[in-house]
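**Q** What follows is a predicted structure for the sequence shown.
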Amino acid sequence: MNEIETEELKAYTANRFTNRIINPETDESYSDTWQLWLESESPCEILNTHIIPRRPVKFSQPEEVIIRIHDSFAGKIPLVILGNDSDFENFIVNASYKGERPDDISQMGASFMYGKRIMMLVLSKKFYSNTPAECVNLSREEWRNKSMILRLEHETVHYYTKKFYGTATNNIHDELMADFFGMRKAFGHYDAKLFMYFMGIDGSHEGRLSLYTSGMSENVKKEIAEIARRCALFLEKKQNEIDDAPSGINYLCELGINKMLLV
């Protein structure tokens, strides 16, 4: 790599989780507001009236729209589940992209929205990371159920780091941690090979890594893929020594991906 690429990689792999917020000042009264909405309005009405009033969605399967308050290790947070793929994508487009449909929307299966009143997790019922059921040796129904568990835990990790470290981004460090705890929740263990499949690092398909390295040079992308592979193997080897969330998240946040390569 040239000097510019080396600096680009250095900036990408720098640990952003260096200052833990012991007592975050996050206002979680929004969950009480959502609870009041749930007591008087349908899920579709809540979304169209309170979240996307300027760009309401005509949901094709309103019965597949579910809202509940998720009492997680990171605190209470509204959870929106959109069972119809088109309804999920249309909602995400209107809520996050001002009605402009991004090219990669079909690859998305979840969204973590962090603001004030619109703080929420939005999940689809797609197979996790667009991975076919046969790749995980499960029936379609079993994989769909585990995809939901994995996806919910994954997004909750992002919520936790945003709340307690002030950051949650599309970076391989974030994704390593989120998939680690997501897989442990869904399967009871972490599988490095499956993570590599999700990312496309094994070369069988594009995978999600391209989403987290968009705009970077090919040399830097290759280096990040190798770093992700080595970190995944570290996590698999050390998984029994890593606590469950949230203390395990704190450990991996503060360890950083560069130190994972040295352990």
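**A** The structure has been received and is ready for your questions. Numbering: from 1, shown residues only.
**Q** Could you measure from the residue lying closest to Gly83 once chain neighbours are set aside over to Thr161?
**A** The spatially closest residue to Gly83, leaving aside those adjacent along the chain, is Glu64, at 3.0 Å (CB to CB, 6 or more residues apart in numbering). All C-beta spots, glycine's among them, are computed from the backbone N, C-alpha and C. Noted for Glu64: a distance of 30 Å to Thr161, by CB to CB, to the nearest Å.
**Q** what do you get for Leu38?
**A** Applying CB to CB to Leu38 and Thr161 gives a distance of 27 Å.
**Q** again, but for Ser204
**A** From Ser204 over to Thr161 (counting by CB to CB), the distance is 29 Å.
**Q** neighbour-wise, which of these two wins?
**A** Of the pair Ser204 and Thr161, Thr161 is the one with more neighbours under other CB atoms under 10 Å, namely 26 against 10.
**Q** With adjacent residues omitted, what lies nearest to that one?
**A** Excluding its sequence neighbours, the residue lying closest to Thr161 (CB to CB, 6+ apart) is Ala168, at 4.9 Å.
**Q** Name the SS class of the one you found, please.
**A** coil (DSSP: H, G, I helix; E, B strand; the rest coil).
**Q** Break down this structure into its helices, ranges please.
**A** 3-13, 30-40, 43-46, 85-96, 140-165, 172-187, 192-199, 209-212, 218-238, 247-260 (DSSP state H).
**Q** now these in JSON lines, with distance to Asp103?
**A** As requested, these are exported to JSON lines (distance: least, CB to CB, whole Å):
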{"stretch": "helix 3-13", "distance to Asp103": "22"}
{"stretch": "helix 30-40", "distance to Asp103": "31"}
{"stretch": "helix 43-46", "distance to Asp103": "27"}
{"stretch": "helix 85-96", "distance to Asp103": "12"}
{"stretch": "helix 140-165", "distance to Asp103": "21"}
{"stretch": "helix 172-187", "distance to Asp103": "20"}
{"stretch": "helix 192-199", "distance to Asp103": "19"}
{"stretch": "helix 209-212", "distance to Asp103": "11"}
{"stretch": "helix 218-238", "distance to Asp103": "18"}
{"stretch": "helix 247-260", "distance to Asp103": "28"}
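**Q** Looking at the ones you listed, which is nearest to Pro102?
**A** Pro102 sits nearest to helix 85-96 of all those, at 7.6 Å, using CB to CB.
**Q** Only alpha carbons, please: show the closest one as CSV.
**A** Below are the C-alpha coordinates for helix 85-96, written out as CSV (Å, rounded to 0.1, in the frame of the first residue of the first chain):
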residue,chain,number,x,y,z
ASP,A,85,-40.0,-7.2,2.9
SER,A,86,-41.4,-4.4,0.8
ASP,A,87,-43.1,-2.8,3.8
PHE,A,88,-39.7,-2.9,5.6
GLU,A,89,-37.8,-1.4,2.7
ASN,A,90,-40.4,1.3,2.0
PHE,A,91,-40.4,2.3,5.7
ILE,A,92,-36.6,2.5,5.9
VAL,A,93,-36.5,4.6,2.7
ASN,A,94,-39.0,7.1,4.0
ALA,A,95,-37.7,7.2,7.6
SER,A,96,-33.9,7.2,6.9
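**Q** name the helices or strands packed onto it?
**A** Judged by 3 or more CB pairs under 8 Å, 6 or more residues apart in numbering; DSSP states H and E, helix 85-96 is in contact with strand 75-82, strand 110-113, strand 120-124.
**Q** Next, the angle strand 120-124 makes with that helix.
**A** 150 degrees (axes from the mean of the first three to the mean of the last three CA atoms, to 10 degrees).
**Q** Run through the stretch 51-200 of the chain and note the low-pLDDT ranges.
**A** 117 (pLDDT under 70).
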